[in-house]
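S.K.: structural data only, the sequence is not supplied:
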Ligand SMILES: Nc1ncnc2c1ncn2[C@@H]1O[C@H](COP(=O)(O)OP(=O)(O)OP(=O)(O)O)[C@@H](O)[C@H]1O
């Protein structure tokens with residue numbers, strides 16, 4: 001269930017709210033009528049908007065616009081939906097929007113849009129000082145006496161009769177004290193003309209109260225608003241450092257880093273919105289994980305719906321496949337057939353070679369090919385002989401490198417014989433194509449989230465798309481959360497970010513005991529962070545105070561462990577029926593996901609796979625692998641069969657490397673938890 005209580009209670013509240021507003025509209029009308037300096041059209045719109053003041057909104061009318069000789073701002077409305085900069089229009093001809101242009105009576109009115117945007121920007125500058133995100137400032141043109149609801153870029157065009165419903169339905173961004181503070185701050189920044197003040201108090205004479213709105217429509221709008229989650233609040237207020245990073249002008253590629261939960265994605269999303277309002281080209285928000293773009297896309301839609309069509313949320317491989325298909329380049333991506341080709345290559349030339357001395361199991365070598373050879377686009381044995389294998393800590397002698405190369409060539413031969421491609425082939429082909437024939441139209445910006453999981457080829461591809469222009473490429477990530485082996489330096493991708501980096505340090509997500517527990521696990525592990533290695537895993541990070549705890553559930557057997565998990569989740573649901581909606585069970589392997597999915601379903605708990613989760617509220621408990629949970633967060637996280645030992649078997653020389661990777665993956669899973677982290681372990685009696 002979502003915020004706002006049960007459906008019945010919500011409906012009742014919306015109805016009460018609508019009726020109260022209808023009562024207050026008479027009072028509003030009277031106040032507006034006595035606003036001498038305004039024209040009739042403005043008075044009517046003011047009356048409509050004044051109605052909202054009964055609901056805690058603040059309306060500032062006819063304000064001076066500092067820094068301009070004589071310009072004024074018609075109205076600034078501050079309420080729980082954010083800040084709305086309102087320009088009232090009383091045009092004889094109906095406005096019309098076509099191909100992104102505004103006209104009326106056959107005449108272009110684009111200059112009015114430009115003025116509106118400049119006004120919004122002035123308000124945005126002021127509210128940014130309070131840590132408010134620009135996406136919470138919305139320019140609105142209100143057309144007196146008309147019905148209309150059209151979006152033109154950032155500007156919303158509304159008919160006088162539609163404005164109230166739209167504002168009431170807006171997701172809640174500000175609470176009551178915030179509304180007061182923001183309004184007071186804007187009042188100071190945009191002073192009133194003394195001769196033109198809207199009377200504060202009604203006279204008591206109700207006068208003519210034309211029907212300003214339809215009670216039923218308002219009721220519907222009020223209901224829509226409470227259905228939005230509390231998430232809109234972080235979308236509105238950021239830490240001043242975060243606002244500064246989101247709005248910074250970078251002269252070339254830049255980087256945002258910081259430990260888990262420090263708001264890197266939040267800043268990335270705000271940055272996407274910021275750039276969208278200042279450019280015209282497409283913007284790509286890309287990540288390695290498949291399901292994350294859907295979730296981030298929905299967050300962005302809720303944060304800045306008017307900009308949603310400007311930003312493409314995509315996984316890197318998904319984008320590359322579409323791009324190649326559009327260019328008519330055939331790709332036969334078949335992960336399973338490619339894996340099978342590798343298994344055969346291993347049997348033929350790997351298992352009996354010098355490689356088995358280091359690690360007798362194929363997994364390590366499969367990753368060597370995927371992340372080091374193909375992931376870095378290495379084209380010859382000579383190149384591979386000397387390459388620095390960042391992030392892979394097991395040294396390879398010349399003979400081993402030669403054996404790996406043989407294995408790679410065998411794999412490639414078998415793969416090509418079957419006519420299939422692997423994920424690396426897709427990126428390599430896309431990179432060749434982009435270099436040959438760049439994307440058209442070019443991307444105005446490419447924002448890469450979770451960049452630590454990309455291969456060098458992936459970063460080269462995105463760099464080729466974004467170029468080195470101002471505010472073009474932004475890399476967001478944290479090497480401590482890398483869940484794949486093999487790394488690189490940005491310099492190798494030809495990306496220079498010198499002097500264009502920002503580090504976020506305040507963790508807003510995890511309760512302190514959870515973050516402490518997770519950081520303890522990786523505190524001795526150095527990690528690679530694109531610019532170079534760190535000596536250990538200890539980070540400087542501040543936590544924001546909120547309650548939370550870690551539960552250790554120790555079991556003697558698998559059945560005892562599973563019973564404890566079911567009991568814990570059932571108790572959680574019994575205490576608060578909505579708790580499951582913000583709870584996830586995360587598993588190390590797909591097999592574990594299958595096992596726990598069956599277990600929980602049998603116990604009668606509603607379960608949704610993370611593969612099918614798109615960020616929209618659902619009442620079900622989420623389940624998925626650690627890797628699928630990247631970038632996400634939940635109030636309660638359950639990690640059944642939790643172990644800090646490497647679960648993939650292999651040789652002694654590579655054991656330390658595998659164990660470190662396992663710890664990093666566990667760290668990612670643990671830091672998804674906001675308030676409760678449940679760790680289930682199975683220790684059979686000695
Ligand atoms: N200024 C802020 N005020 C309150 N909450 C914030 C603020 N900034 C971020 N948050 C919250 O912190 C949490 C973590 O944010 P986000 O997912 O962007 O972090 P991250 O650094 O990308 O994390 P990770 O690297 O672990 O995926 C989110 O719940 C977000 O809403």
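M.R.: On my side now, so go ahead. Worth saying up front: this structure is predicted, and the values here are computed from it rather than measured.
S.K.: for burial, what's the neighbour tally of the nearest residue to residue 131 once chain neighbours are set aside?
M.R.: In space, and not counting its chain neighbours, residue 131 is closest to residue 240: 4.9 Å by CB to CB, 6 or more residues apart in numbering. The way it works is simple: take the backbone N, C-alpha and C, and place the C-beta from them, glycine included. Residue neighbour count, defined by other CB atoms under 10 Å, stands at 13 for residue 240.
S.K.: likewise residue 413?
M.R.: Around residue 413 there are 12 other residues, counting by other CB under 10 Å.
S.K.: now it. Nearest residue, chain neighbours left out?
M.R.: Looking at residue 413 with CB to CB, 6+ apart, the closest residue is residue 345, at 7.9 Å.
S.K.: what does residue 512 give?
M.R.: Nearest in space to residue 512, with sequence neighbours left out and distances taken as CB to CB, 6+ apart, is residue 543 at 4.6 Å.
S.K.: stretch 662-670 vs the ligand: in contact?
M.R.: No - no part of stretch 662-670 sits close enough to the ligand to count as contact by CB under 6 Å from any ligand atom; the gap is at least 7.4 Å.
S.K.: rounded mean pLDDT for that stretch, please.
M.R.: Mean pLDDT, taken over the full extent of stretch 662-670, equals 93.
S.K.: same question for stretch 93-110.
M.R.: According to the model, stretch 93-110 has a mean pLDDT of 93.
S.K.: what residues of it count as buried?
M.R.: Buried residues in stretch 93-110, counted by 16 or more other CB atoms under 10 Å: 95, 97, 102, 104, 109.
S.K.: same question, stretch 375-386
M.R.: Buried residues in stretch 375-386, counting neighbours by 16+ other CB under 10 Å, are found at 375-378, 384.
S.K.: show residues contacting it.
M.R.: Stretch 375-386 is touched from outside by 372-373, 387, 398, 401-402, 404-405, 424, 428, 431, 455-458, 460, 486, 488, 492, with contacts defined as CB atoms under 8 Å, 6 or more residues apart in numbering.
S.K.: what do you get if the cut-off is 6 Å, keeping everything else the same?
M.R.: Counting by CB atoms under 6 Å, 6 or more residues apart in numbering, stretch 375-386 makes contact with 401, 405, 455-457, 486, all of which sit outside it.
S.K.: now, which of these lie close to the ligand?
M.R.: Contacts with the ligand are made by none of these, judged by CB under 6 Å from any ligand atom.
S.K.: hang on, residue 416 in a helix?
M.R.: Yes - with DSSP: H, G, I helix; E, B strand; the rest coil as the criterion, residue 416 is part of a helix.
S.K.: and the gap between it and residue 377?
M.R.: As judged by CB to CB, to the nearest Å, residue 416 and residue 377 stand 17 Å apart.
S.K.: quick one: low-confidence parts of the protein?
M.R.: With pLDDT under 70 as the threshold, the chain has low-confidence stretches at 1-38, 69-70, 194-237, 486, 545, 646-651.
S.K.: domain parsing for it?
M.R.: Structural domains of the chain, as assigned by automatic domain parsing, span the residue ranges 7-234, 247-329+428-507, 335-420, 548-682.
S.K.: do I have it right that residue 638 meets residue 677?
M.R.: No - contact status for residue 638 versus residue 677: not in contact, 8.2 Å apart, counting by CB atoms under 6 Å.
S.K.: who wins for neighbours among the contacts of stretch 375-386?
M.R.: residue 455 (26 neighbours).
S.K.: contact partners for residue 433?
M.R.: Contacts for residue 433 were tallied using CB under 6 Å, 6+ apart; they are residue 327.
S.K.: let's see it at 10 Å
M.R.: Contacts for residue 433 (CB atoms under 10 Å, 6 or more residues apart in numbering) come out as 320, 323-324, 326-327, 329, 439, 461, 464.
S.K.: tell me, how many residues neighbour residue 297?
M.R.: Other residues lying near residue 297 total 19 when counted by other CB under 10 Å.
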